[in-house]
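[1] Sequence and predicted structure are below.
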Amino acid sequence: MATLEAQVAHIWRRLGFGATRAQIDAGVNVGTAALIDDLCNRPLTTPAEWEFPVNTDYTVTEKYMSRMIELMAYGANPLQERIAWILQGLVVIAMDGTVYLADMRLHVDKLRSSTHGLYGDLLLAISTQPGMLKYLSGYQNTKAHPNENYARELCELFALGRTHPLTGQANYTENDVKEMARALTGWQYNWNTGGTFFQQSSWDSGNKTFLGAARGAAKLVDVINAMKQHDSWAYHVPRRFYRELVGLEPDTNALAQLGQAFGQNGDLRALVSAIVHRPEFLSDAAIYSRTKQPVELIANTAKLLGITSLNYNLSWLLTDFFGQQPLAAPSVAGWYKGSEWLNTGGMMAWSSLLSSMIWGKVKWDGTGTYPALAQQLVSQATSATAATKALALTGIINASPKTFAALDDYAKAGTWNLQRAAGLLNLTFLTPEYFVN
């Protein structure tokens, strides 16, 4: 059975983006139940506290994305950051030729403000925001020229899923998509002001039938209400959140109970609370069952190293090598899942970025500023105890004998000083155990 220390570290990884040694020790002192309750009940942060950049020069996208990851590392409400990130991979838009940073900002702000709200209300709101209208061609969906993009993704990815998780039956038909697309007509984007509006003449006011019932002269709100009345509404989003937070596939009993917590309106706060208070959340099977995503890796490491300003070319690394640029998902289905990003390019990118994070302020002759974690390691350990201490400081609870031996060999291979402590941390962040979430 996993130790209390391992369970605490697991809570911080899943309900946030990793913990410092001090946070792990504090969690061990209060216990898992108190730590979970603390993280679940912290006040929501606000846009004023997020401090996203407002400048409009060519560097703003990089700064905005870096600030997102900084908040993952240091935000006052770690669970809010985690839920917001889950939502960003669930209700996806991405910057492209038509979706601008201003559109992405509105979308992300809405997700971040809705982490403890109702999922049905969130879907209704984002459906008419500029980002979603442009990303899935909603502004092109008119009575004269129906466009099915948003109706299809609303069914398949955002609300229901293709099939019922218990019966295997299809949740919707092609005709349902066509009819819902008609109901979603009318919403337009003003390219001069950047706002959206409902244009009555573009709306198909005819009667529609979808998801098993005649809906009359249905509009957007009727489509969302029909989704909320569908049997798979209680399973699709709860299943996705369970997978993200627990790291396993929920069984039938768990899904039924989570569906009750989620309710017809999609209570996200009740859903998350129900998941993290289930015994599976702290089970041995759940701990270490996921791989850190690139942004999780960066946020966790920045937090441990005490880096509060990510002044790196993250956009290039995350886009070209990691495949997880937070503002530009590769498709409406989101980013790579699990360990799919672990490839040669990704590992080279991580090694390069990690070197910058650890050695960026150190000169060629070894002088300069080292991360506080390296200074802590060199002062609190000897070459004989350094491997054990490095693993403890980075939150790695159960390193394999092979990993420990490699770190121990390096620590003892030369004079124990600040440079070797920094090098040992560098190696620790490259161990297989550190990639586990």
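    Perfect, I can see it now.

[2] State the distance from Phe322 to Tyr64.
    Using Cβ to Cβ, to the nearest Å, Phe322 is found at 17 Å from Tyr64. For the C-beta atoms, the positions are set from N, CA and C on the backbone; glycine is no exception.

[3] Which one's more surrounded, these two?
    More crowded of Phe322 and Tyr64, by other Cβ atoms under 10 Å: Phe322, with 26 against 20.

[4] What score does that one have for pLDDT?
    Here, the pLDDT recorded for Phe322 equals 83.

[5] mind listing what it touches?
    Neighbour list for Phe322: Pro294, Trp341, Gly346, Ala349, Trp350 [criterion: Cβ atoms under 8 Å, 6 or more residues apart in numbering].

[6] Please apply the same query to Ser400.
    Contacts for Ser400 were tallied using Cβ under 8 Å, 6+ apart; they are Pro432, Glu433.

[7] Tell me where the stretch 1-150 of the chain has helices.
    Using DSSP state H, counting those that start in this stretch, the helices of the stretch 1-150 of the chain run over residues 4-14, 21-30, 32-40, 47-50, 60-74, 78-90, 101-113, 119-126, 130-135, 149-153.

[8] likewise the stretch 301-437 of the chain?
    314-317, 344-359, 372-380, 386-393, 401-411, 418-428.

[9] any chance of those in CSV, plus mean pLDDT and mean neighbour count?
    What follows is the helices of the stretch 301-437 of the chain, written out as CSV (pLDDT from 0 to 100; neighbours: other Cβ atoms under 10 Å):
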stretch, mean pLDDT, mean neighbour count
helix 314-317, 78, 19
helix 344-359, 90, 16
helix 372-380, 97, 18
helix 386-393, 98, 21
helix 401-411, 98, 16
helix 418-428, 97, 21
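
[10] Which among the ones you listed is found nearest to Leu35?
    Nearest of these to Leu35, taken as Cβ to Cβ: helix 386-393 at 18.2 Å.

[11] what packs against that closest one?
    The contact analysis (3 or more Cβ pairs under 8 Å, 6 or more residues apart in numbering; DSSP states H and E) places helix 386-393 against helix 372-380, helix 401-411, helix 418-428.

[12] sorry, back to before: could you identify which of the helices of the stretch 1-150 of the chain is most buried?
    When the helices of the stretch 1-150 of the chain are scored by mean count of other Cβ atoms under 10 Å, the highest mean neighbour count falls to helix 130-135 (a mean of 25).

[13] Distance from the chain centre to it, please.
    20 Å (Cα atoms, centre = their mean, to the nearest Å).

[14] Does anything pack onto that helix? Which helices or strands?
    Packing partners of helix 130-135 (3+ Cβ pairs under 8 Å, 6+ apart): helix 101-113, strand 187-189.

[15] Please repeat the previous calculation with a cut-off of 10 Å.
    Judged by 3 or more Cβ pairs under 10 Å, 6 or more residues apart in numbering; DSSP states H and E, the packing partners of helix 130-135 are helix 101-113, helix 119-126, helix 149-153, strand 187-189, strand 196-198.

[16] Which one of these lies nearest to Val332?
    helix 149-153 (5.4 Å).

[17] Export that closest one to PDB, keeping only CA atoms.
    These are the backbone C-alpha positions of helix 149-153, laid out as PDB (Å, rounded to 0.1, in the frame of the first residue of the first chain):
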ATOM      1  CA  ASN A 149     -19.200  21.700 -37.400                       C
ATOM      2  CA  TYR A 150     -20.300  23.000 -34.000                       C
ATOM      3  CA  ALA A 151     -23.400  20.700 -33.700                       C
ATOM      4  CA  ARG A 152     -21.200  17.700 -34.400                       C
ATOM      5  CA  GLU A 153     -18.500  18.500 -31.900                       C
END
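
[18] Average pLDDT for whatever helix or strand comes next after that helix, rounded please.
    Using DSSP states H and E, the helix or strand that directly follows helix 149-153 along the chain is helix 174-183. If you average the pLDDT over helix 174-183, you get 98.

[19] how near is the residue nearest to the spatial centre of the chain to Leu15?
    Centroid-nearest residue in the chain: Trp85, 2.7 Å away (criterion: Cα atoms, centre = their mean). With distances taken as Cβ to Cβ, Trp85 is found 12 Å from Leu15.

[20] Return the helix or strand bottoming out on mean pLDDT in the chain as CSV; C-alpha atoms alone will do.
    Ranked by mean pLDDT, DSSP states H and E, the weakest helix or strand in the chain is helix 314-317, scoring a mean of 78. This file holds the C-alpha atoms of helix 314-317, laid out as CSV (Å, rounded to 0.1, in the frame of the first residue of the first chain):
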residue,chain,number,x,y,z
LEU,A,314,8.2,28.2,-24.8
SER,A,315,6.0,28.6,-27.8
TRP,A,316,8.6,27.1,-30.1
LEU,A,317,9.4,24.2,-27.8
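
[21] Give me the domain ranges for the protein.
    For the chain, automatic domain parsing gives the domain ranges 4-282, 294-435.

[22] Between the two ends of the longest one, what distance do you get?
    This stretch, domain 4-282, spans 10 Å end to end (Cα to Cα, to the nearest Å).

[23] next one: it to chain centre, how far?
    With Cα atoms, centre = their mean as the basis, domain 4-282 stands 11 Å off its chain's centre.

[24] Equivalent analysis for stretch 330-346, please.
    13 Å.

[25] Quick one, grab the pLDDT at the closest residue to Glu179 other than its chain neighbours.
    Distances taken as Cβ to Cβ, 6 or more residues apart in numbering place Phe210 nearest to Glu179, at 4.0 Å, with adjacent residues excluded. Note for Phe210: predicted pLDDT of 97.

[26] so how many other residues sit close to Phe210?
    By the measure other Cβ under 10 Å, the count of residues near Phe210 is 24.
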